[in-house]
Structures are given as structure tokens and as C-alpha cells.
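Undergrad: Predicted structure and sequence below. I'll ask about it afterward.
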Amino acid sequence: MLGVQGGAGRDEEAGNQRWPPWLKPLLATSFFVQCRAHADAHKSECNMYCLDCINGALCSLCLAHHRDHHAIQIRRSSYHDVIRVSEIQRVLDITGVQTYIINSARVVFLNERPQPRPGKGVTNTCEVCERSLLDSFRFCSLGSQIVGTSGGHRPRKKHGGVGGGGKKKRAAVKDARSDSEHSCTSTSGGSSDRSSVVQSFSPSTPPATSSSYR
């Protein structure tokens, strides 16, 4: 029994060493809430995060105290937090995580987005939460990547069937790409990435709810 526990402890320690110290705290942070330090300011919505300080969500005014630090901006798509690939790939290996083009910017989702019943004909899903994915990806988000690459995780069985391969694959691609039509809200300007996608905007950001990273 002690040997099993020791092995699990070593797996967890190895996993923690694999990822930068700011990643798990980032995924557990609630964004798009009002900044307590600048509550009276016009732009006090917290959508920034300092990778050096790892001290929670920041608003644009808070950045004055982080001038020489590495701060990243979080955006929101359909009530889910996302970050641009151009920002995150500088500091993190996101191999295997599906990217989406939303409002002309290529992004990845921060946390899992479970999909209990994948679309008809889906052949590839997230190894952690079963969200529909394109065939070349393993995970739907950074959170799923952490869980899915841990030593004790067992990937879920892939969805597949006999016959109708062409139709099933096209259906899977359509289902996995559906998120690309979702919009991404942001408090900053345009994107450096260019692509022809839907340019609509999602509803205003709802009040934040408390959540913890699993």
C-alpha cells in the first residue's frame, strides 16, 4: 500500500516539475471580475495575469506595478476563458491542444468544457472530457492537457464505428469546428492573426462564479 502511495506521489511531483509554477494557479483564477483595488475606475475588469507574481487576476491599472513582468491577457468566448496562441506558446508547449480561430485570432481554451454526448459520427474526442476534436488533437484545453498527461490518467476510449468512414469524418470535423464560430470578447484592440471567420460578439460577461481547478 505504501509503495502505491509513494508511486502516486512521485507521479504528482514529476507532473508539477513538468509544468511552469504559474500554470495551475492561472487555470484556477476567476477572471472578468471587478478589481478590488480600482473598483471606482472606468476600466477595472480583471482580465490580465502576471506570470512572475502569480497573485491573481489583474486589471489594466494594476499593470503599472508589473511593468517589467511577463503579463498575459485573458479573453472570453461563450463564457469560457481563452488565451491567444501567440501569447501562450511563447511560454508553454501546447502540443496536442486544439486551437480555434475566433474573431480573427487563434486561441486555446484554459479549462475543460465537458461534452456528455458528442455529435453523431464523431471519431476523435478530448481524452479527458470527451469534447469533439479534430483528428490531429488530443485535448480541448490547457486544463485537459495537464490531466491527460499525468502519470495516473487513462485516456477515454475513442469514438468510432464500422462503415461510413467518409461521412463520419466530415461530421466530426464539422462538430469540432463549430466552436470556431463562437465570438471572443476582449477589452483590447484587434488581432495580429488574420483569418476569415464569423465576426459576431457574444453576450456581455456574466457575473463570475467561484470555481476551483480540479
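TA: It's in. Predicted model, so just to flag it, every value in this text is computed and none were measured.
Undergrad: going forward, measure contacts and count neighbours with C-alpha atoms only.
TA: Fine.
Undergrad: Extract the CA atoms of stretch 64-76 and return them as CSV.
TA: Coordinates of the C-alpha atoms in stretch 64-76 are reproduced here as CSV (Å, rounded to 0.1, in the frame of the first residue of the first chain):
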residue,chain,number,x,y,z
ALA,A,64,1.5,49.8,-13.5
HIS,A,65,3.1,47.7,-10.7
HIS,A,66,4.2,45.0,-13.2
ARG,A,67,6.0,47.0,-15.8
ASP,A,68,9.0,44.7,-16.2
HIS,A,69,7.0,41.5,-15.7
HIS,A,70,5.5,39.0,-18.1
ALA,A,71,1.8,39.6,-18.1
ILE,A,72,-0.7,37.9,-20.4
GLN,A,73,-4.3,38.8,-21.4
ILE,A,74,-7.2,36.5,-20.9
ARG,A,75,-10.2,36.8,-23.3
ARG,A,76,-13.7,35.2,-23.1
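Undergrad: tell me which residues in it are buried?
TA: 71, 72, 73, 74, 75, 76 (16 or more other C-alpha atoms under 10 Å).
Undergrad: what pairs with the third one across the strands?
TA: By that I understand residue 73. For residue 73, the beta-bridge partners under DSSP bridges are residue 48.
Undergrad: So which residues of the protein form strands?
TA: 48-50, 57-58, 71-73, 75-77, 80-84, 100-102, 105-109, 184-185 (DSSP state E).
Undergrad: so which of those gets nearest residue 132?
TA: Checking these against residue 132 by C-alpha to C-alpha gives strand 100-102 as the closest, at 12.6 Å.
Undergrad: So, low pLDDT: which residues of the protein?
TA: 1-17, 118, 152-214 (pLDDT under 70).
Undergrad: hey, where'd the helices end up in it?
TA: Along the chain, counting by DSSP state H, helices occupy 2-18, 23-27, 85-88, 142-148, 165-177.
Undergrad: mind listing what's buried in the second one?
TA: Of the residues in helix 23-27, those buried under the neighbour-count criterion (16+ other C-alpha under 10 Å) are 23, 24, 26, 27.
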